[in-house]
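Asks: Build the 3D model from these lines:
(one chain, ligands or ions: 1)
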Amino acid sequence: MLIEADFRFVLELFEAGRALSQTSLEKDHFRPVAEWAALQALRRGRLDESGVPLRARLDPIFSDELGRPRLAAIRLAIVRLDRTEPDWVEELRPVDFADRVYAVLAQQADGKRQSVPEQAVRYVVNAYPAPPVLLESSGVREMPCPMPVGEASLDDLRLRTRSPTQELEGEIPVFIPEDVIREAREQADAAGEVETGGVLLGRLLRDPAQAELFLEVTCQIPARQAIAESTRLTFTPETWSEIEDTMALRRRPDEIMVGWWHSHPAHAWCHACPLERRSACSLTRPFLSEADRIFQASVFSRAHSLALVLVDRVVGESFAFEPALFGWCREGLRQRGFQLLRNESAPTSSGSRQREIPR
Ligand SMILES: [Zn+2]
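Replies: Residues are numbered from 1 along each chain as shown. From the prediction side, this is the model:
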């Protein structure tokens, strides 16, 4: 997606009234929220399936109270390239930039070996005029454009769920078959002390009766050629070509890469820890490492893209892999809900009619 702005946006941090630092908000910062806004527009039927590319336009709303260049909000408009009227508008408030503030503080703490307590920091977002720039998407690997949206009944899928989980406001429903979790778990167990993973294929579906968009994971493809280390998994070019070959063999044109999964083998990281400390250890809880987040942002940056983590949970005196799902929300990557689909070969759609949507 093109990101368009006539202004430079700068985050300014203060500690006890003293300027602490300034950091510019680069295009990549706005990409998740732009993708998220486009998905909301699609979800609510505000974008048709014309396949016209989209741009995200960023405009400052200056603060009456603080005066220029201080902002009250940034207006984010999703606009089709062939139009001027926006299809969707979001207002990003300074509070929406809290994650970036914490990231800057964490970086500084790392460099200076001292940290500034988060609550002591105040910040503002400023906008300065800049020559008009069109910032082209820099994604390493983009989804095919346009992207297929099939049709299916949401109620049919819900009938197959094992225990319905709560969906949060703004999240599209996600369904994952038990078989996919079982396969991933077996692969993670077999990998022993190193991380392992794969790619999740699935379908983006619309229920015409409910005007709702949802996502069904259909299978996982093990990343056999990936470089597995204890704390990191690296997808090589060979990994990608094997995944593409497998997709071609499956001959399911409605399937797209909807995300990836990997394991966090805490039993290898924590085996020296005393038993009572393991269950309190953050490594046995769901999280995405910095490397995981960078991978997600560069490869799976679409708003519907998922990151499934097999978390090594402490069970008694041993460990067991449990799934935790992460996805993009308005503010960035967060753990999110999903529904587990029972194993049965029930048809989920009547032929899944192909439709095209713009990206
Ligand atoms: Zn990880």
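
Asks: From now on I want contacts and neighbour counts done on CA atoms only, so please keep to that.
Replies: Will do.

Asks: Which strand or helix spans residue 209?
Replies: Assigned by DSSP states H and E, residue 209 falls within no helix or strand.

Asks: In contact with it, which residues are there?
Replies: Going by Cα atoms under 8 Å, 6 or more residues apart in numbering, residue 209 touches residue 153.

Asks: any idea how far it lies from residue 153?
Replies: 8 Å (Cα to Cα, to the nearest Å).

Asks: now residue 89
Replies: With Cα to Cα as the criterion, residue 89 and residue 153 are 29 Å apart.

Asks: lowest-pLDDT helix or strand in the chain?
Replies: Using mean pLDDT, DSSP states H and E, strand 356-357 stands out as the lowest-scoring helix or strand of the chain, at a mean of 43.

Asks: strands paired with the helix or strand hosting residue 56, and their directions?
Replies: Element membership for residue 56, per DSSP H and E: strand 54-62. Sheet pairing of strand 54-62 (DSSP bridges) gives strand 2-15 (parallel), strand 71-80 (antiparallel).

Asks: how about those strands, which one is nearest residue 317?
Replies: Ranking these by proximity to residue 317 (Cα to Cα) places strand 2-15 first, at 45.6 Å.

Asks: Which positions within the very next helix or strand once past the closest one qualify as buried?
Replies: Scanning forward in sequence from strand 2-15 by DSSP H and E, the next helix or strand is strand 18-24. Neighbour counts over strand 18-24 (16 or more other Cα atoms under 10 Å) mark residue 22 as buried.

Asks: just checking, what packs against strand 18-24?
Replies: strand 2-15 (3 or more Cα pairs under 8 Å, 6 or more residues apart in numbering; DSSP states H and E).

Asks: Bridged to residue 124, which residues?
Replies: Judged by DSSP bridges, the bridge partners of residue 124 are residue 12.

Asks: Would you mind confirming that it is in contact with residue 12?
Replies: Yes - proximity of residue 124 to residue 12 meets the contact threshold set by Cα atoms under 8 Å, at 5.4 Å.

Asks: just the strands in the stretch 151-300 of the chain please.
Replies: Remark: strands assigned in the stretch 151-300 of the chain by DSSP state E, counting those that start in this stretch are 174-177, 197-207, 212-222, 227-228, 233-234, 256-264.

Asks: okay, those, which one's buried deepest?
Replies: strand 256-264 (a mean of 25; mean count of other Cα atoms under 10 Å).

Asks: gap between it and the chain center?
Replies: Put simply, strand 256-264 sits 11 Å off its chain's centre (Cα atoms, centre = their mean, to the nearest Å).

Asks: Give me the domain ranges for this structure.
Replies: 2-135, 147-357 (automatic domain parsing).

Asks: The longest helix anywhere in the chain relative to strand 197-207, how many degrees between them?
Replies: Assignment by DSSP state H gives helix 27-43 as the longest helix of the chain. Relative orientation of helix 27-43 versus strand 197-207 (axes from the mean of the first three to the mean of the last three Cα atoms, to 10 degrees): 40 degrees.

Asks: tell me which element the residue nearest to residue 77 when sequence neighbours are not counted falls in.
Replies: Nearest non-adjacent residue to residue 77, counting by Cα to Cα, 6 or more residues apart in numbering: residue 89, 4.4 Å away. For residue 89, the enclosing helix or strand under DSSP H and E is strand 88-92.

Asks: what's the answer for residue 320, then?
Replies: strand 318-329.

Asks: Now do that strand: which elements does it pack against?
Replies: helix 27-43, helix 178-191, strand 306-315, strand 332-336.

Asks: got the buried residues for that strand?
Replies: 319-329.

Asks: what's the answer for stretch 66-82, then?
Replies: 69-80.

Asks: Kindly indicate which of those lies nearest residue 213.
Replies: residue 78 (18.2 Å).

Asks: Pretty sure that closest one sits against residue 35.
Replies: No - taking contacts as Cα under 8 Å, residue 78 lies outside contact range of residue 35: 9.1 Å.

Asks: circling back: export the buried residues of stretch 66-82 to JSON lines and tack on distance to residue 186?
Replies: Formatted as JSON lines, those follow (distance: Cα to Cα, whole Å):
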{"residue": "69", "distance to residue 186": "55"}
{"residue": "70", "distance to residue 186": "53"}
{"residue": "71", "distance to residue 186": "51"}
{"residue": "72", "distance to residue 186": "50"}
{"residue": "73", "distance to residue 186": "48"}
{"residue": "74", "distance to residue 186": "46"}
{"residue": "75", "distance to residue 186": "46"}
{"residue": "76", "distance to residue 186": "43"}
{"residue": "77", "distance to residue 186": "44"}
{"residue": "78", "distance to residue 186": "42"}
{"residue": "79", "distance to residue 186": "45"}
{"residue": "80", "distance to residue 186": "45"}
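
Asks: so can I have CSV of the residues you listed showing pLDDT and distance to residue 302?
Replies: Formatted as CSV, the buried residues of stretch 66-82 follow (pLDDT from 0 to 100; distance: Cα to Cα, whole Å):
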residue, pLDDT, distance to residue 302
69, 91, 31
70, 92, 30
71, 94, 27
72, 95, 27
73, 95, 24
74, 95, 21
75, 96, 20
76, 96, 17
77, 95, 17
78, 93, 14
79, 90, 17
80, 87, 17
